[in-house]
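Undergrad: Predicted structure and sequence below. I'll ask about it afterward.
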Amino acid sequence: MVNSTQLPEPRNRAERRHGVLHSYESAASRLDCSPRLVRKLVQERRLASVKVAALVRIEDSAIDDYIARQRRDAVR
């Protein structure tokens, strides 16, 4: 069982180096949007991606960075 403050151990070398790699569908689930929007964000280079052979994958940190860039402060 994993403690809530503790991350699970990386499963392989790529995960240790790059963190979790998401497919379009997995990234869309994390962003609560459609895979089509994720593909568009990658094509427009607004969301960083990694090519793995013929596959496109999105790093967990790239999703975190994208969310941080989209944050808007509330107006008082």
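TA: Right, received. Where do you want to start? Residues are numbered from 1 along each chain as shown.
Undergrad: Every contact and neighbour count from this point should use C-alpha atoms.
TA: Noted.
Undergrad: remind me, longest helix of the protein?
TA: The longest helix of the chain (DSSP state H) is helix 60-70.
Undergrad: roughly how far apart are Arg45 and Ile63?
TA: 12 Å (C-alpha to C-alpha, to the nearest Å).
Undergrad: Please apply the same query to Arg39.
TA: Using C-alpha to C-alpha, Arg39 is found at 13 Å from Ile63.
Undergrad: Same question for Val50.
TA: Taking C-alpha to C-alpha, one finds Val50 at 12 Å from Ile63.
Undergrad: Who has more neighbours out of the two?
TA: Neighbours per residue (other C-alpha atoms under 10 Å) separate Val50 from Ile63, with Ile63 holding more: 19 against 15.
Undergrad: residue contacts, the more buried one?
TA: Residues near Ile63 by C-alpha atoms under 8 Å, 6 or more residues apart in numbering: Ala27, Leu31, Leu47, Ala48.
Undergrad: The last one: neighbour count?
TA: I take that to be Ala48. For Ala48, the neighbour count with other C-alpha under 10 Å is 17.
Undergrad: helix/strand/coil for it?
TA: coil (DSSP: H, G, I helix; E, B strand; the rest coil).
Undergrad: pretty sure it is in contact with Arg57, am I right?
TA: No. In this structure, Ala48 is not within contact of Arg57 by C-alpha atoms under 8 Å, at 9.1 Å.
Undergrad: Near Leu70, how many other residues are there?
TA: Wrong residue type there; residue 70 is Gln, not Leu. 8.
Undergrad: Sorry, slip of the keys, the one I care about is Asp60.
TA: For Asp60, the count of nearby residues is 16 (other C-alpha under 10 Å).
Undergrad: Show the pLDDT at it.
TA: For Asp60, the pLDDT comes out at 93.
Undergrad: show me the residues around it that make contact.
TA: Gly19, Val20, Leu21, His22.
Undergrad: What about the last one, how many residues nearby?
TA: Summarising burial for His22: neighbours were counted as other C-alpha under 10 Å, giving 19.
Undergrad: And it, how far from Val75?
TA: 34 Å.
Undergrad: same thing with Gln43?
TA: Per C-alpha to C-alpha, Gln43 is found 32 Å from Val75.
Undergrad: Relative to Tyr24, how far out is Ala48?
TA: In terms of C-alpha to C-alpha, Ala48 sits 12 Å off from Tyr24.
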